[in-house]
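Chemist: Sequence first, predicted coordinates after that:
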Amino acid sequence: MIIAIDGESASGKGTLGKLLAKRLNCTYLDTGLLYRAVAYLANQQNVLNNKAKLLQIAKSLTMQDLNHLELKGFEVAALASKVAMIAEVREILLAFQRDFANNSYKTMGLQGAILDGRDIGTVICPKADYKFFIIASIEVRANRRFKELQQDPINKYLTLEEVYESLRKRDLQDKTRAHSALTPATDAIIIDNTLLGINETLELVLTYISSKDKEILSNMAKNKEK
């Protein structure tokens, strides 16, 4: 079973993906970390403007490379958005993501894989069993991200206005880029969580899944009993 979660920056899709994976006994991948890792490693090696080197880094990326604490930094996020616009990088990382979607849960004896990003339901896993597209107003998203960054020693000095402007620019880049632009799949369930907390969003998503798949309900019940 594969679940695709796409959506805007700071819409809560990452937290949703983690919680959903725990509830449904699935593996989870924040695909945005792939681009952040490529950007971070390229910046460390001072090769951000060297396309050949960027592609080499993308090809050699491993799951361990996604564990750098610096990947959550605001500066790395800005660099990642630029790296994500390079078609060849996206093509290389597509294989990484599809391999995770199709094989990670099998090797771990779990029920499925959950991936969140911006083109999971449209490009990476167009045949995913379930597709969700998460949105929220930019004002709410900026406030959420700002509060999150206040707990981060690296990014806590950013102002709400800076966070808002960064999200506005990221939205524009994501929705207008030539390759894998941010747009919901035609069969995706669109969820606006502007007025919903993360637990309310989780329960809403689960209603769509549980109404279609009785086996998942059974697995959820077993996991709660453990």
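Modeler: Happy to help now that I have it. These figures come from a predicted structure and were not determined experimentally. Residues are numbered from 1 along each chain as shown.
Chemist: ok, which stretches of the protein are strands?
Modeler: In the chain, the strands defined using DSSP state E lie at 2-7, 26-30, 112-117, 130-135, 189-192.
Chemist: Need those strands in JSON lines (columns: distance to Glu200, mean pLDDT and mean neighbour count).
Modeler: (C-beta placed from N, C-alpha, C; glycine too.) Listed next are the strands of the chain as JSON lines, based on distance: least, CB to CB, whole Å; pLDDT from 0 to 100; neighbours: other CB atoms under 10 Å:
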{"stretch": "strand 2-7", "distance to Glu200": "16", "mean pLDDT": "96", "mean neighbour count": "27"}
{"stretch": "strand 26-30", "distance to Glu200": "20", "mean pLDDT": "96", "mean neighbour count": "21"}
{"stretch": "strand 112-117", "distance to Glu200": "18", "mean pLDDT": "96", "mean neighbour count": "26"}
{"stretch": "strand 130-135", "distance to Glu200": "12", "mean pLDDT": "97", "mean neighbour count": "24"}
{"stretch": "strand 189-192", "distance to Glu200": "10", "mean pLDDT": "97", "mean neighbour count": "16"}
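Chemist: As JSON lines, those strands with distance to Lys53 would be great.
Modeler: Shown next, in JSON lines, are those (distance: least, CB to CB, whole Å):
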{"stretch": "strand 2-7", "distance to Lys53": "29"}
{"stretch": "strand 26-30", "distance to Lys53": "24"}
{"stretch": "strand 112-117", "distance to Lys53": "24"}
{"stretch": "strand 130-135", "distance to Lys53": "34"}
{"stretch": "strand 189-192", "distance to Lys53": "38"}
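Chemist: Quick one: distance of the longest helix along the chain to the chain centre.
Modeler: The helix that spans the most residues within the chain, counting by DSSP state H, is helix 160-176. Relative to its chain's centre, helix 160-176 lies at 16 Å (CA atoms, centre = their mean, to the nearest Å).
Chemist: Which residues does that helix contact?
Modeler: Identification of contacts with helix 160-176 by CB atoms under 8 Å, 6 or more residues apart in numbering yields 8-10, 74, 77-78, 81, 85, 118, 138-139, 141-143, 145-146, 149, 181-183.
Chemist: Please save the CA atoms from it in PDB.
Modeler: C-alpha atoms of helix 160-176 as PDB (Å, rounded to 0.1, in the frame of the first residue of the first chain):
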ATOM      1  CA  LEU A 160       7.200  36.500  11.100                       C
ATOM      2  CA  GLU A 161       7.400  38.800   8.100                       C
ATOM      3  CA  GLU A 162      10.500  37.000   6.800                       C
ATOM      4  CA  VAL A 163       8.900  33.600   7.200                       C
ATOM      5  CA  TYR A 164       5.800  34.900   5.400                       C
ATOM      6  CA  GLU A 165       7.800  36.300   2.500                       C
ATOM      7  CA  SER A 166       9.900  33.100   2.200                       C
ATOM      8  CA  LEU A 167       6.700  31.000   2.000                       C
ATOM      9  CA  ARG A 168       5.200  33.300  -0.600                       C
ATOM     10  CA  LYS A 169       8.300  32.900  -2.800                       C
ATOM     11  CA  ARG A 170       8.400  29.200  -2.300                       C
ATOM     12  CA  ASP A 171       4.800  28.800  -3.300                       C
ATOM     13  CA  LEU A 172       5.400  30.800  -6.500                       C
ATOM     14  CA  GLN A 173       8.500  28.700  -7.300                       C
ATOM     15  CA  ASP A 174       6.700  25.400  -6.600                       C
ATOM     16  CA  LYS A 175       3.600  26.200  -8.600                       C
ATOM     17  CA  THR A 176       5.300  27.700 -11.600                       C
END
